[in-house]
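Trainee: Show me how the following folds:
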Amino acid sequence: MIEDIQENYVFPSVRYHQVVDLLGVPERNNWFEKYQIKYPLSSKIGSDLIDPEYTLYFIITINQDSIVTNTKVEKR
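Mentor: The predicted model follows:
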């Protein structure tokens, strides 16, 4: 499913407001780069059944003009 979004909806040259219209307002977090926005995709819950071992994020890089320059899925 995420590949379809990357290929057909959120790709280089799309504007930030178009991404928000499609996917909603992104999460914010200090450890992401200034021009990156993220959307959580899924998490693997740890053995304590509370804290996640990791979370998969759809990360979208934009430039200073609010235009998408790159997308990727990353585990953090």
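Trainee: contacts, neighbours, all on C-alpha from now
Mentor: Fine.
Trainee: Assign a three-state SS to the residue of the chain most remote from its centre, would you?
Mentor: Most distant from the centre of the chain: Asp48, at 26.5 Å, with distances by CA atoms, centre = their mean. Put simply, Asp48 is coil when judged by DSSP: H, G, I helix; E, B strand; the rest coil.
Trainee: Test my guess that Gln6 contacts Thr71.
Mentor: Yes: with contact defined as CA atoms under 8 Å, Gln6 reaches Thr71; the gap is 7.0 Å.
Trainee: Not counting sequence-adjacent ones, nearest residue to Pro52?
Mentor: Ile45 (4.1 Å; CA to CA, 6 or more residues apart in numbering).
Trainee: Could you report the neighbour count for the one you found?
Mentor: 13 (other CA atoms under 10 Å).
Trainee: go on, Tyr16?
Mentor: With other CA under 10 Å as criterion, Tyr16 counts 19.
Trainee: Quick check on it: phi, psi?
Mentor: phi -50, psi -50 (degrees, to the nearest 10).
Trainee: do you know how far it is from Ile2?
Mentor: 17 Å (CA to CA, to the nearest Å).
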